[in-house]
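Test case, fold it:
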Amino acid sequence: MRRAVLVRAARTRRVGRRLLRRVVQLWRSSLQLRIGAITMAVAGVVVVIVSMVLFRQISDQLLGVKRQAAVDQSLAGVQYARTEVSGIATGDSASVRSTLARTVTGLRSRGGAAGDFDVVMVYRSGNQERRASSRSTLTYRDLPPDLRADVASGSQAYKYWLVPDSSGRPVPTLLVGAPVPADGQTGDRVEVYFAFPLEQEQESLQLIRSTVVISGVALVLFVVGIGVMVTRLVVHPVRRAAVSAQRLAQGRLEERLAVRGEDDLARLATSFNAMADSLQKQITQLEGLSQLQQRFTSDVSHELRTPLTTVQMAADVLHDARGDFDPAVARSAELLHNELDRFERLLSDLLEISRYDAGAAVLEAEPQDLTQVVDRVVAGMSALAARHACELRVTEPSQPVVADVDARRVERVLRNLVGNAIEHGAGEPVEITLAASGTAAAITVRDHGIGLTPAEAQHVFDRFWRADPARVRTVGGSGLGLSISLEDARLHGGWLQVWGKPGQGAQFRLTVPLVAGSELTSSPLPLRPRAAGTAARPAVRASPAAPGGRS
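Presented below is the predicted three-dimensional model:
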């Protein structure tokens with residue numbers, strides 16, 4: 001039973017959180033909803049304040065008129081009562097009772113501008129006290145003590161109080177009390193109290209309150225309706241412009257806005273259409289230039305392949321026979337051989353880029369153990385690391401990391417990353433880390449060299465871009481390595497990202513899905529390196545590769 005209650009409570013909380021997220025999302029995404037809600041809140045506050053002030057003024061005025069009429073009528077009643085009680089025989093109880101009853105009846109019959117009322121009279125003479133009332137359900141004890149005390153002290157007073165009616169139901173009532181002087185009778189006191197029911201005024205105030213509330217609600221809805229309508233007139237064209245901009249961004253360059261009228265929105269549509277025309281023209285020109293450049297690069301690369309092969313064959317012959325040449329000629333043969341190798345790599349990079357530009361690159365994905373891929377790359381780059389006095393440190397999981405990848409392309413990416421890290425690492429160790437999660441595998445290459453500025457990190461994957469063009473490169477790069485690596489990562493449906501900070505080195509992260517065709521949502525390794533001294537994860541082996549090979 002308790003478990004079922006907890007499950008229901010958890011389900012209710014989940015539903016509440018989902019509903020809250022939807023409301024927040026709707027609030028953030030709908031300008032019309034925000035303006036409508038803000039307009040309703042402001043209009044509601046203004047209407048409530050105005051209604052309260054207006055109702056208070058009407059109530060005070062209505063009750064003020066009633067109070068003034070009641071006070072005037074009570075003063076006239078006091079004068080009448082004075083003439084009636086002036087002849088009371090002090091020692092005759094029957095005379096006192098009859099005089100009080102006659103006076104109460106006379107006061108009730110006199111009426112006045114304040115409307116219907118009831119009367120309570122009290123006569124005191126020494127220890128003797130007599131009371132009379134125009135209604136049996138209204139007695140002297142029903143009057144508030146502070147009112148009785150004020151009148152007993154000799155002053156006129158009034159008070160609003162709940163007094164029972166003939167059926168015993170409490171009714172808001174205006175009570176006015178005053179002392180009645182008794183001529184010639186020292187020590188005798190007569191008090192008269194008038195009770196003016198406020199039922200009619202209460203009904204009037206209730207009607208006024210209902211009218212004010214209904215009018216206020218109608219006014220708020222009217223203002224909100226106007227605000228929503230005006231907002232819609234502005235938001236609807238903006239939404240059309242946003243949709244058109246999205247379609248334009250998706251490549252539908254012919255998208256245009258309809259121009260209606262000559263107002264600001266019409267000028268916005270005209271400006272948008274002019275911008276779209278300019279963009280279409282420039283994009284068309286750029287596409288033409290790009291296609292021409294791609295075709296030129298592809299044609300030149302293919303055309304140079306045949307003569308390069310012939311020249312390279314001749315250079316190989318000369319390089320093999322350099323021992324029989326003069327030292328200067330032998331050195332020239334070596335330079336020719338090395339530069340032709342570099343030229344061949346440049347042509348290979350240009351051909352690879354042209355394949356990506358033409359959409360002809362094909363992914364040959366097979367299940368591969370990425371630990372073996374990393375090991376092959378590290379073994380191949382050990383000679384370069386030795387020349388730079390750089391240590392390669394590898395951190396891999398203890399279990400194989402199998403992913404559907406094109407091993408040739410992944411090795412090419414890692415060679416580019418490790419080669420760049422060695423060249424820019426200033427002789428500091430280069431850290432290579434492999435990790436996997438349930439859906440993805442990631443490899444990071446970290447150096448501790450000169451690092452990258454944020455501006456350089458934005459351009460590091462651009463074609464032919466170098467952070468320091470004057471620096472001598474020993475890998476023989478063409479400026480296309482990272483561009484090709486980025487395309488290789490995208491071909492796998494993965495990510496290739498970079499972090500860098502001047503003086504603290506840089507880190508590149510390659511993330512690929514374990515299953516080809518699946519979508520990445522996260523990476524097993526952080527892009528920003530861990531702080532120095534952070535403990536390594538469990539179930540990971542770290543093996544440094546010293547210059548000349550891995551230990």
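
Please make it C-alpha for all contacts and neighbour counts, starting now.
Fine.

could you say what helices and strands whichever helix or strand V234 is part of packs with?
Element membership for V234 (DSSP states H and E) is helix 199-249. Judged by 3 or more Cα pairs under 8 Å, 6 or more residues apart in numbering; DSSP states H and E, helix 199-249 is in contact with helix 31-85, strand 170-180, helix 264-320.

Show me what the helix or strand following the shortest one is in contact with.
Using DSSP H and E, the helix or strand that follows strand 170-180 in sequence is strand 188-197. With Cα atoms under 8 Å, 6 or more residues apart in numbering as the test, strand 188-197 has contacts from 70, 74, 78, 114-126, 151-152, 171-182.

partner strands of strand 188-197, parallel or antiparallel?
With DSSP bridges as the test, strand 188-197 is paired with strand 118-125 (antiparallel), strand 170-180 (antiparallel).

Mean neighbour count, these: which tops it?
Most buried of these, by mean neighbour count (mean count of other Cα atoms under 10 Å): strand 170-180, with a mean of 22.

chain center to that one, what's the gap?
Relative to the chain's own centre, strand 170-180 is displaced by 60 Å; criterion: Cα atoms, centre = their mean, to the nearest Å.

got the angle between that strand and helix 199-249?
Angle of strand 170-180 versus helix 199-249, following axes from the mean of the first three to the mean of the last three Cα atoms, to 10 degrees, is 140 degrees.

pLDDT (mean, whole number) over strand 170-180?
Averaging pLDDT along strand 170-180 yields 88.

Touching, A157 and A149? I think so.
No: counting by Cα atoms under 8 Å, A157 stays clear of A149, with 9.6 Å between them.

which one of those two has more residues nearby?
Comparing A157 with A149 by neighbour count (other Cα atoms under 10 Å), the higher total belongs to A157, at 18 against 12.

Against A386, how distant is that one?
Noted for A157: a distance of 109 Å to A386, by Cα to Cα, to the nearest Å.

and what of F117?
Using Cα to Cα, we find F117 at a distance of 114 Å from A386.

What of V5?
To A386, V5 is 67 Å away according to Cα to Cα.

more crowded one of these two?
For V5 versus A386, the count of surrounding residues by other Cα under 10 Å is larger for A386: 17 against 10.

Give the rounded mean pLDDT of whatever helix or strand S109 lives in.
Secondary structure assigned from DSSP H and E places S109 in helix 93-110. The pLDDT scores in helix 93-110 average 81.

Which positions within it qualify as buried?
Residues of helix 93-110 classed as buried under the neighbour-count rule (16 or more other Cα atoms under 10 Å) are 96-97, 99-105, 107-108.

repeat for stretch 145-155
Across stretch 145-155, burial judged by 16+ other Cα under 10 Å covers 147-148, 150-152.

Can you list the neighbours in contact with that stretch?
For stretch 145-155, contacts defined as Cα under 8 Å, 6+ apart pick out 156-159, 177-179, 191.

could I get those as TSV with distance to L417?
Converted to TSV, those look like this (distance: Cα to Cα, whole Å):
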residue	distance to L417
Q156	101
A157	98
Y158	95
K159	92
G177	101
A178	104
P179	107
E191	107
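
Now flag whichever of the residues you listed is closest to P513.
Nearest to P513 among those, counting by Cα to Cα, is K159 at 84.1 Å.

Could you grab the helix/strand/coil label for that closest one?
Look at K159: counting by DSSP: H, G, I helix; E, B strand; the rest coil, its state is strand.

which residues does the closest residue to it other than its chain neighbours bridge with?
The spatially closest residue to K159, leaving aside those adjacent along the chain, is L175, at 5.2 Å (Cα to Cα, 6 or more residues apart in numbering). Taking DSSP bridges as the rule, L175 bridges to K159, A195.

What separation do you get for L175 and R108?
15 Å.

I'd like to know how many residues surround G16.
G16 has 12 nearby residues by other Cα under 10 Å.

where does it land in three-state SS?
Applying three-state DSSP: G16 is helix.

For H492, grab the count of nearby residues.
Count around H492 with other Cα under 10 Å applied: 24.

Apologies, that question was intended for A241.
A241 has 19 nearby residues by other Cα under 10 Å.

does it really touch A266, like I thought?
No: assessed by Cα under 8 Å, A241 is found out of contact with A266, at 11.2 Å.

Now do the shared contacts for those two.
Joint contacts of A241 and A266 (Cα under 8 Å, 6+ apart) do not exist.

ok, back up a step: kindly reformat the strands paired with strand 188-197 as TSV containing distance to T306.
Shown next, in TSV, are these (distance: least, Cα to Cα, whole Å):
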stretch	distance to T306
strand 118-125	125
strand 170-180	112
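
Indicate which one of those is closest to R295.
Short answer: strand 170-180, nearest of those by Cα to Cα, at 97.1 Å.

now what about the closest one, what contacts it?
Applying Cα under 8 Å, 6+ apart, the contact partners of strand 170-180 are 67, 70-71, 74, 78-79, 81-82, 147-148, 151-152, 154-165, 189-199.

what angle sits between that strand and helix 31-85?
40 degrees.

Which of the buried residues of stretch 145-155 fall within helices?
Among the buried residues of stretch 145-155, DSSP state H puts 147-148, 150-152 in helices.

Could you work out the most separated pair of the residues you listed?
The span of those, defined through Cα to Cα, is set by L147 and A152 at 8.5 Å.

before we move on, back to that, how distant is the helix holding V234 from the center of its chain?
Using Cα atoms, centre = their mean, the offset of helix 199-249 from its chain centre is 25 Å.

Now that helix: average pLDDT?
Mean predicted confidence for helix 199-249 is 82.

and the angle for that helix with helix 264-320?
Using the same axes, to 10 degrees: helix 199-249 against helix 264-320 is 40 degrees.

Neighbours of L19, how many?
12.

Okay, and it sits in which element?
helix 2-29.

can you tell me the distance between the two ends of stretch 394-404?
Length of stretch 394-404, first residue to last, Cα to Cα: 22 Å.

show me where pLDDT drops low in the stretch 451-551 of the chain?
466-478, 531-551 (pLDDT under 70).

try it again with 80
For the stretch 451-551 of the chain, applying pLDDT under 80 flags the ranges 462-481, 530-551.

same thing with the stretch 1-150 of the chain?
1-7, 23, 26-33, 36, 84-96, 109-115, 125-129, 136-137.

Report the buried residues of stretch 126-142.
Buried, per 16+ other Cα under 10 Å, within stretch 126-142: 131-134, 138-140.

Over to stretch 508-521?
For stretch 508-521, by 16+ other Cα under 10 Å, it's 508-516, 520.

what do you get for stretch 404-411?
Buried residues in stretch 404-411 (16+ other Cα under 10 Å): 404-407, 409-411.

Same question for stretch 362-382.
365, 368-371, 374-375, 377-378, 381-382.

Show me those residues that map onto helices.
370-371, 374-375, 377-378, 381-382.

Quick check: of those residues, which lies closest to N273?
For these, the nearest to N273 is L370 (51.3 Å; Cα to Cα).

Give me the domain ranges for this structure.
For the chain, automatic domain parsing gives the domain ranges 87-204, 263-361, 366-545.
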